[in-house]
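> Sequence unavailable; structure follows:
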């Protein structure tokens, strides 16, 4: 599963002979861009650690859980939801829940794209995950709840006190009725848990050459 992860931009294997899809945002920085043709609103985007203190703490916590699959993915330390046009909505320390570009992360951090795999989850319900994320824009990031999740595993996501991966848990439940943290082994719902969660499928990714835009 982890072999589908994109490396950071500097080390990416790039596709140079294919045109960028029209969904690529205007003014997207750099020579290479992700191909968004296979991305869908409501997809979950996971990012590898940046080497920050927060990322290091999350990585350490994830590396101590009992689930070996989660430990394998411990280098994923942040999660966001894709809402279209190269934009994410995320719960990030130090600011309210809000938008960010994929480029902000992918130019220096590996990423993975995951999507609900349940056959009874229709495309419109996956798309509704993005709509649920939009409704939470402006709400506060809960640093306290994030710390509690590191110190007290087993806690369920609190819709009134969210951090990055519990935000994903809350909006997926609102949009589809599926609670990703329903089972004890998925609590707390770390980014690494999302990377290996059986209810999610990994979407293969590729880069396209910006110079090929027609």
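Sure thing, it's come through. If you're wondering where the values come from, they're calculated on a predicted model, not measured in any experiment.

> The residue nearest the centre of the chain in helix, strand or coil?
Residue closest to the average C-alpha location in the chain (C-alpha atoms, centre = their mean): residue 45, at 2.4 Å. Classification of residue 45 by DSSP: H, G, I helix; E, B strand; the rest coil places it in strand.

> you'd agree it is up against residue 79?
Yes: applying C-beta atoms under 8 Å, one finds residue 45 in contact with residue 79, separated by 7.1 Å. All C-beta spots, glycine's among them, are computed from the backbone N, C-alpha and C.

> one step back: residues touching the residue nearest to the centre of the chain, list them.
Neighbouring residues of residue 45 by C-beta atoms under 8 Å, 6 or more residues apart in numbering: 79, 80, 81, 82, 88, 102, 105, 111, 112, 113, 114.

> Give me the pLDDT for the residue nearest to it when sequence neighbours are not counted.
In space, and not counting its chain neighbours, residue 45 is closest to residue 80: 5.0 Å by C-beta to C-beta, 6 or more residues apart in numbering. Here the pLDDT value assigned to residue 80 is 97.

> I'd like to check what contacts whatever helix or strand residue 113 lives in. Which residues are they?
Residue 113 belongs to strand 111-116 when assigned by DSSP states H and E. Residues from elsewhere that reach strand 111-116 (C-beta under 8 Å, 6+ apart): 2, 4-6, 39-40, 42-48, 76, 82, 102, 105, 125-126, 129, 172, 176, 178, 194-195, 197, 199-203, 205.

> just checking, what packs against the very next helix or strand once past that strand?
As assigned by DSSP H and E, the chain's next helix or strand after strand 111-116 is helix 123-135. Packed against helix 123-135, as judged by 3 or more C-beta pairs under 8 Å, 6 or more residues apart in numbering; DSSP states H and E, are the following elements: strand 76-84, strand 87-90, strand 111-116, helix 164-176.

> Residue 58: which of those is closest?
strand 76-84 (4.2 Å; C-beta to C-beta).

> Run me through the strand neighbours of that closest one, direction for each.
Using DSSP bridges, the strands paired with strand 76-84 are strand 44-48 (antiparallel), strand 87-90 (antiparallel).

> Need the winner for burial among those strands.
For the strands paired with strand 76-84, the largest average neighbour count (mean count of other C-beta atoms under 10 Å) is found in strand 44-48, namely a mean of 26.

> could you give me the average pLDDT of that strand?
For strand 44-48, mean pLDDT is 93.

> Next: stretch 187-205.
pLDDT averaged over stretch 187-205 gives 90.
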